Every structure is written in structure tokens, then in C-alpha cells.
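Colleague: Let me see the structure of the following:
(chains A and B)
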Amino acid sequence: MKKFLVLLLALVFLLSCASLAYSLKLVVVGDAGHNLKPFDWYAQDFKEKFDVELEVIGVPFGELYEKEKMELIAATGAYDIMIVYPKFLAEFAANGWLYPLDEFAQKLDPKLDDVTPGYRDFYCKYSGKLYALPYDGDVLNLYYRKDLLENEEEKAAFKAKYGYDLKVPETWDEFLDVAEFFTRKAGEKLAGQVLERDFYGTAYYGQKDQIFAWWGNIFASLGGVYFDEETMEPAINSEAGVKALEIFKQIHQYCPPDVLSYGYEELKDVFLEGDCFMVIQWPCVGKKGADPNQSKIVGKIGVSHVPGVKKDGEVYYRALMPCGRVLAVAAEAKDPWKAYQVIHYLSVETSMDDVSTAETGLDPYRYSHFAHPEEYEMFANVEDARIYLEGVQKNMEKGYPEMVLPGTVEYEETLGVELTRALAGEKTPEQALNDAAAAWRDILNRFGKEQQKKLYQELVAGWRAAGLW
Amino acid sequence: MKIRDGMKVAIFLTIFVVLLIMLSPFIWNVMTSFKDKGEYFTYPPVFIPRSFDLEHYVQGGKLGGIKGMRDSLIIASSTTLIAIVLGSLAAYSLARFRIGGDNLAFWILSVRMMPPIASVLPLFLFFRFLRWLDTYQALILTHSLVNLPFAVWMMKGFFEELPQELEEAALVDGCGRLGAFARVALPLVAPGLVATALFCFMFSWNEFLFALILGRSRVTPITVNIAGMIGGHEILWAEISAVSIMASVPIIIMAIVLQRYLVRGLTLGAVKG
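Modeller: As a prediction, this is how the structure comes out:
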């Protein structure tokens, strides 16, 4: 009997030890693909440093919102760490689905002073509280063909036609001139070579989920705002909105005929295949453009400001900052502190490596990321990397923030549908934007006008303080 | 003789052109599965890839394609079995005994009229309550709910066309009702059964929405796996094509093997008075 008890106790002891040695398993969810790679790369580190094992769930890009929201609504506790687009952040935080991180941030500094203001203040915080750490810094940039811009023959032809020197377009008027000038038919000459196929001045993202940002670049530089701060009346159908859409319609003439179906990939490819002169795109396109496996124009790409509007002798730029990815901890996480340690490690310790490789689509968002061009080894030399980083940083510092209000996904998509209708010629710009504004009023009322007004005023105050408004 | 040859050539050419048009997406997919980056979107388009190695198939398999195929196979086979067994029993009783009058059969079919998106949230909450999220049984049950009405409706038509006298003869010879059903009616509608089973299998194999919402990481059917290769900043075109081709193979094999029954099943009762 005594022996049996000793054996039993030993067994209980061993089982307890085994359970203690068992690492905590945290579940990570995010859009599938190469942006989840860092979770695999540092799996060993997470195990050794924090005694955490990760299970990574990749959800198709277009379905992330529905998938995350459904699990959160039902409070299944399925996820611990979530990759969230800032446009989901407000809704998720307002509903109490995300864990506030301020207390953790005091214990383990996420070095937010090193993060550019747009990301630091608006894409990670909601109603004054920290809910996420940055992971991917997205802003739109103007990419153009350096080689064609510097071609003597083209320069002379441009000057003869427009009366001023060919240069990187600074304003939308110049953008239209350059786009028109470089739009050529197959058989015509481009930089002395006979074109085998049509060449376009530019192209844009035409699908409904992000098209608002390409119109928004013009709208924002014209001084447009999302809502009237006092009345909360949608301001997208303002004079600036209609004018922006009219300019956008003019740009449309110099784009490939199927541009309305373009998403990220198609827009990237039309430029990297050498079929158009310039595109406005996210930062990772600059890195991919330096990869000979993905680009036929390696070494020929310039990066600059998204064009703006000239006012009192100065050009007023406002590049939209759509998309982006932040790391959040679910309110129902099994161990929020350990989850925070994991996201802190990615956002602070490894981020330089993760944004400076062509193996991910992650883009720089910290000042330290911009200060080390030598880390971006995909470029042929440090100088090319420096030009790229300077271009991205310029846009980010003058970036126009995406809304972080509950309902942002719906606001953007309804606007996107109406913009597409105007560009397809189904509606006039004014009519399309009036219809979008009417849809926005409905969304506003559904989410609660007074609450949205309060949040919007807070956002605008923050944007102003950061010099982005 | 010459006219007959000419006709043959014309028929052959017509079939060839029609086949080419209908198979072009599939052929394009096969070619893309061998292409490398830089060959997907080019002008003029690249039809024949530079190399024909199986790298993207291996890669697609590693990215969850094999697991996706296995999960889909488990779910689709189980669903088909449930739909066929329960569906044919229900259809037989509806056809022979007119249970529920005219309305019950239509009511059963109406389950299929509801768009899946309308039922996915209640189902999600239901399975959460049962702690069945991310399990095979949740998807098997959901797919069966959708497939069963289809199977009932299809099989009902086949049983109705079968002369009742055959089963009556069996009953006279000493068979029970179930025996008459299993030994006489069922073998006679076998082609219809096969056609129904194939459609049920294809529906379950190709279903995406329920699979996405009700699965997570343990259960990831092939449709969810393929969609997961569409990243925000990168689309793995070659791997997507490779896994799509791999996913088409079981259905193609089934269709070829069961072709004999399929044609008969689909035309069974096509000419009615």
C-alpha cells in the first residue's frame, strides 16, 4: 500500500512537472501570405524568451474583416494576437474586443517616439488608449520612370509641347500633362524605341476596396475633409470632392482600358512590366521594383511625393495612408501580457529586419527604419535605397490619415462603388458623390451620430496636433 | 464518300473548337502552374512556360494543399454518404407514400433557396455552443443540411418515374417494404443515385463560405487553402494554379469513372409524357 502511494505521488509529481514544462500556446490571426512569415522566423525566439508557442492562422486577404469580426462578436476566444488594419481598429476597440495596452507599454516600452506620427497616434490608438503596435507602415508614393524622364529626346518633345521642362510632376496639372505626354500607341516611339504594345501615362487602383485612396490623394490635397466637424455632415461631395473626381476622370483617359479592375497586383505589374510611366503605390512596390525576378525596370525607378496643389506659391501635398497593419491583443487572450511581449518583440526588436527584406510586404514606419538604407539589400546600392526611403518618408510625414471610426470599412466601400460608377461614366461626379454622401449619412446614423461626432472631433484634434490636418 | 469525310472533318473541327473554348481556363491554369514569376502577366502573354518542373505543386502541397485535399475529401465523402442515404429514403417515402402532401417536398427544397450568408452566423453560434467550431463534424453537418434537400428532390423525381408495379411484384413475392426499396427500387435508380452523389460531392468539394467561417486551423478545406494564397501584397499565382489542378483531379476521375451512370442518370426520365 505504501509503495503504491509513493508511486502515485511520484506520478502526480511527474505529471505536474510535465504540465509546467508545457509552453503556453497563443493563436495568431492575420491576412495569409508573406506578411505572416516573421511569426515563423522567430518561433524559436518566442519559445526561448517568453516560453510561448504560436499557432498562426492565415485568412484570405479579402475575408479578414468578416472572419475576425465573427469570432470577436461570438467571443469565442479563438485568437490571442491579431493583425488588424487600422480601419478595423476603432470598431474592434469600441466594442471592447481588444485589450488596452497602456499598462503593458509602461512596463515594456514599445518605443513609440521612434514611430512616425500617423502610425503612432492614429493607427495604434483609439479614444486616447493604446490598442496596438505598428507592424507595417503603408503610405502612397509616386513611382516614375527615371530613365524616360532623363531622356533628351523626350525632354525636348515635352518642352516643345507644354512649354516647360519635363520633370517629376509636383501638381495634379503637371501629373495630367506628363500622363498625357507618355500615353502612346503601339508603333509610336518611346525614348527612341518603337513600341510593340500600347504604353500608358499612368494607372490606378480601380477596385472598390481601396479606390477611395487614389481619389483621396487629390481630394486631400485640395483641402477636402471626411466630415464637417460641427455638423457631422459628410463632406466628400464638397467642391473639393467633385473637383478631385473630375481630375480623376481626366487621369482615367491615360490609363489602360481595364484599369477599373486593377487591384494591388495588376497595378504593380503594369508598372514593373514597363507598360506605364508612373503609378501611385504602396512602399513595397519600390522594393519589388529592385528585384529582377519581379521587375523589368530595375534601376530605372524614381520615388517622389504624391502630387499636390499649389497654393500661395507652395505645393500642398497630402498622400493617403491606406491599409497598414498593426498588431493587437484580443480582449479574451489567454495571456495578454505574453501576447504583448510577442507583438512588442516584432514591432520593436525585429522590425528593422522585417521591413528591409523583399520576402515580406512589410514597409518602414519607424524613424530608425528610414535611417538605415544600408539594411535594404535588395537595392543595387545604398544610394538607391536612400532615394527610396527619402521618398517614402516624405509622403509619410505629410500623410493624410485614413479614418479610424467604427464603420470605416463601410464608409470606404460605399464611396468606392460610387467613384467607380463615375469613372465608368454611369454617373456624373457630382451625382456619384451625392449618392455616396447619402449612404454615409445612413452609416453615420446606424453607428450613432453623436458618438461618431465625438470620435471624429477627437481624431481631427489629434491629426492637427501631429501636423497632418 | 467525300461529302461524308468532309462532314467528319467539320464535326471534328467543331468539337475541337468548342472543347478548346471550354477547356481554355483549365489549360491556362495548367500552364500557369508551371510558370515562374514574371511569366504570369506579360504582353504578349506567355503560353508555354520556360520549364515544366513540379516545384509549384510541391510548394502548393507544403503550403497546406495536401492537408486541404485531405480535409475536403473527408468532408465531401461523409456529406455525400449522409445525403444519399437519408436523401434516398426520404425521397422514396415522398414519392411512394406522398408524406406531407405536395408541400413537404417543396418545403424541404426551400432550405436550398436561402443564401448561405444568411445562415452562416446562426450556424457559427450554434456550433460554438456545441464547441464544434473548427471540426469536421460541423462542416459535414452544414454541408449535409444544404445537400440533403437537393438529394431528396433529385431522387424523388427518379423514384416517381419508376413503375410502382415492380415493387408491388416484389411485395407479392414476399419482400418487405424495405426489402422492395433496397432490392428493387434502389438498383433501378442507381444511375440517378450516382448523378446525385456526384453533384453532392462537387458542391461540398467546392464550398467556400461555410468552410471559411466554421473552420480555423485544424480544418482547412481546399477552397480556403487556395484563397489563403491570395495575400494583400503577393498572390502566389503558380501555387494557386497547381493546387487548383490537384483539387480538380479527384472530381475529374470520379466523373470519368462514373460517366456511364452519369449520362443515364441525367437523362433518366428526360422524355416524359
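Colleague: can we go C-alpha only for contacts and neighbour counts from here?
Modeller: Will do.
Colleague: Tell me the residues of chain A that contact chain B?
Modeller: Within chain A, the residues that sit near chain B (C-alpha under 8 Å from any C-alpha of the partner chain) are A:31-34, A:57-61, A:67, A:70, A:74, A:76, A:197, A:264-265, A:269, A:273, A:293-295, A:361.
Colleague: Pull out the buried members of these.
Modeller: A:31-34, A:57-61, A:67, A:70, A:264-265, A:269, A:273, A:294-295, A:361 (16 or more other C-alpha atoms under 10 Å in any protein chain shown).
Colleague: any idea of the mean pLDDT for the helix or strand containing B:W153?
Modeller: Assignment of secondary structure by DSSP states H and E places B:W153 within helix B:136-161. The average pLDDT for helix B:136-161 rounds to 94.
Colleague: helices and strands around the following helix or strand past that helix, which ones?
Modeller: Sequence-wise, the next helix or strand downstream of helix B:136-161 (DSSP H and E) is helix B:164-172. Where contact means 3 or more C-alpha pairs under 8 Å, 6 or more residues apart in numbering or on different chains; DSSP states H and E, helix B:164-172 is packed against helix B:177-180.
Colleague: helices and strands around the helix it packs on, which ones?
Modeller: Under the contact definition 3+ C-alpha pairs under 8 Å, 6+ apart, helix B:177-180 sits against helix B:164-172.
Colleague: Identify the residues contacting the helix it packs on?
Modeller: Residues from elsewhere that reach helix B:164-172, judged by C-alpha atoms under 8 Å, 6 or more residues apart in numbering or on different chains: B:R177, B:A180, B:F181, B:V184, B:A185.
Colleague: Okay, buried residues for that helix please.
Modeller: Using 16+ other C-alpha under 10 Å as the test for burial, helix B:164-172 gives B:E167, B:A170.
Colleague: what's the average pLDDT for it?
Modeller: 88.
Colleague: Same question for stretch A:129-148.
Modeller: Mean predicted lDDT for stretch A:129-148 stands at 95.
Colleague: Next: stretch A:304-320.
Modeller: Mean predicted confidence for stretch A:304-320 is 93.
Colleague: next one: stretch B:52-63
Modeller: 93.
Colleague: How far off centre is that stretch?
Modeller: Relative to the chain's own centre, stretch B:52-63 is displaced by 25 Å; criterion: C-alpha atoms, centre = their mean, to the nearest Å.
Colleague: A:K49 should be in a helix, yeah?
Modeller: Yes - assessed by DSSP: H, G, I helix; E, B strand; the rest coil, A:K49 belongs to a helix.
Colleague: what about it, distance to chain B?
Modeller: Distance of A:K49 to chain B, given as C-alpha to the nearest C-alpha, to the nearest Å: 25 Å.
Colleague: Would you check how far apart that residue and A:Y42 are?
Modeller: 10 Å (C-alpha to C-alpha, to the nearest Å).
Colleague: Tell me where the model's unsure across chain B.
Modeller: Confidence mapping of chain B against pLDDT under 70 gives the ranges B:1-2, B:38, B:41-43, B:264-273.
Colleague: SS state for B:P49?
Modeller: Assigned by three-state DSSP, the conformation of B:P49 is coil.
Colleague: Let me see the contact set for the nearest residue to it once chain neighbours are set aside.
Modeller: Among residues not flanking B:P49 along the chain, B:K35 sits closest, at 5.0 Å (C-alpha to C-alpha, 6 or more residues apart in numbering or on different chains). Shown in contact with B:K35 (C-alpha under 8 Å, 6+ apart): B:P49, B:R50, B:S51, B:F52, B:A238.
Colleague: Check A:L166 too.
Modeller: A:L149, A:K155, A:F158, A:K159, A:V178.
Colleague: Pop out the phi and psi values for the closest residue to chain B within the stretch 201-350 of chain A.
Modeller: Taking C-alpha to the nearest C-alpha as the measure, the point where the stretch 201-350 of chain A comes nearest chain B is A:Q294, at 5.7 Å. Backbone torsions for A:Q294, taken as degrees, to the nearest 10, come to phi -120, psi -10.
Colleague: Could you measure from it over to A:K287?
Modeller: Taking C-alpha to C-alpha, one finds A:Q294 at 10 Å from A:K287.
Colleague: so A:M396 sits in a helix?
Modeller: Yes - under three-state DSSP, A:M396 sits within a helix.
Colleague: hang on, isn't it packed against A:T116?
Modeller: Yes - between A:M396 and A:T116 there is a contact under C-alpha atoms under 8 Å: 7.4 Å.
Colleague: Could you check which of the two is surrounded by more residues?
Modeller: A:M396 (28 against 19; other C-alpha atoms under 10 Å in any protein chain shown).
Colleague: Quick check: closest non-adjacent residue to that one.
Modeller: Computed as C-alpha to C-alpha, 6+ apart, the closest residue to A:M396 that is not its neighbour in sequence is A:V139, at 6.0 Å.
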